[in-house]
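K.L.:
When you get a sec, could you give me coordinates for this:
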Amino acid sequence: MTKKKFHLITLLSLLLLPALMTAFASCKSDCIGTALTTDSIKIENNEDSLATASLVFDYPTEGRPKMLDSVRAYINETLYHCFYPGENGKSKYAELYKGDLESGKKVGKFYGKAFAEEMKQMRHADGMDKTSAPYSHYLTLRKVEDTDFFTSYVLHNYWYTGGAHGSDFTEGATISKFDGHVLSYPIDTLRLMDIQPLLAQGIADYLNTAKQWDDNITAKNIRDYLFLSGDTIPLPAARPYLTAKGIMMVYQQYEIGPYAMGQPSFVIPYDKVMPFLTKDAKSVITPMLEIEKKENKK
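P.N.:
Take a look at the predicted model:
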């Protein structure tokens, strides 16, 4: 069960990576973006009490045209990849919305209906009767950061298809306001060994804040609490995302520890993580930090 869930998580993370992720090396002050205004769309499909679906997402309504198009396309692609992964990594019920992306309600109604139908068909295929627990799919895709330089979203995707508990998946995405592209994985994976102290400290801080573990958890002994192959802490399978203060890292359930550990998450401040970022991430973060530095000197 544990390995199956982790494989689903890793596979979904790869599917969510954008097809085109390019960065540019420089920018000017006139590249600074304007606010991205969004409307909260909520869709519930519970006509069949044994196969339900609910989704809530923040859909862009006002902003620069390129950002509106980019974020709407990102939301559509992300929802498409949120169907339950089949044996080959793709649900046979998955369908991409191809209508007008200007209307968030139309997008939501399309996927809400499709997700509920998928749960219904899966229950039927599994031979479940009316006395068994309902199958359900709950999803949120919320805007969590909107700066002059980027907008970040966070996806929470949950399925229950029988068993002791459901499957959770969480991943962020950052869209550059310079050209509207979705940032690639922001950490340089070739620097894994160098970033180990920051990962260890972040996970230790998470567990200490949760207050469900021993009081003496430190970066030095954190590996005693984790499921690792050797001593190396892996980078999260899900793409980290940018916040105003640093890079948010999120591990999935079972990825580095037991189910009771939840989803370890923590922010690594930019002054510590900058040496380990990709050029793609630095192209967005560096100008923001330079302006902040100038403002602090005033």
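K.L.:
Sketch out the helices for the stretch 1-150 of the chain, chain order is fine.
P.N.:
Under the criterion DSSP state H, counting those that start in this stretch, the stretch 1-150 of the chain contains helices at 2-16, 65-80, 104-125.
K.L.:
Where among the ones you listed is average confidence lowest?
P.N.:
Among these, helix 2-16 carries the lowest mean pLDDT, a mean of 48.
K.L.:
With distance to F276 added, can I get the helices of the stretch 1-150 of the chain in a markdown table?
P.N.:
(Each C-beta comes from the backbone N, C-alpha and C, glycine too.) Shown next, in a markdown table, are the helices of the stretch 1-150 of the chain (distance: least, CB to CB, whole Å):
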| stretch | distance to F276 |
| --- | --- |
| helix 2-16 | 19 |
| helix 65-80 | 25 |
| helix 104-125 | 36 |
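K.L.:
closest to A237 out of the ones you listed?
P.N.:
Comparison of the helices of the stretch 1-150 of the chain against A237 by CB to CB identifies helix 2-16 as nearest, at 4.8 Å.
K.L.:
wait, what's in contact with Q263?
P.N.:
Shown in contact with Q263 (CB atoms under 8 Å, 6 or more residues apart in numbering): 168, 170, 250-253.
K.L.:
ok, and the most crowded of these?
P.N.:
Of all the contacts of Q263, the highest neighbour tally under other CB atoms under 10 Å goes to Y251, namely 27 neighbours.
K.L.:
ok now stretch 184-201, how far from the chain's centre?
P.N.:
Computed by CA atoms, centre = their mean, to the nearest Å, the chain-centroid distance of stretch 184-201 equals 18 Å.
K.L.:
Just the buried residues of that stretch, please?
P.N.:
Applying a neighbour-count criterion of 16 or more other CB atoms under 10 Å, one finds 184-188, 195, 198-201 buried in stretch 184-201.
K.L.:
Where does pLDDT dip in the protein?
P.N.:
Within the chain, the ranges that satisfy pLDDT under 70 run 1-33.
K.L.:
quick one: N216 from G86, how far?
P.N.:
44 Å (CB to CB, to the nearest Å).
K.L.:
For those two, indicate the residue with more neighbours.
P.N.:
The neighbour comparison of N216 against G86 (other CB under 10 Å) goes to G86, with 12 against 8.
K.L.:
Excluding sequence neighbours, find me the nearest residue to that one.
P.N.:
Using CB to CB, 6 or more residues apart in numbering and skipping residues adjacent in sequence, the residue nearest G86 is K92, 5.9 Å away.
K.L.:
what number of residues lie near the one you found?
P.N.:
Residues near K92, counting by other CB under 10 Å, number 12.
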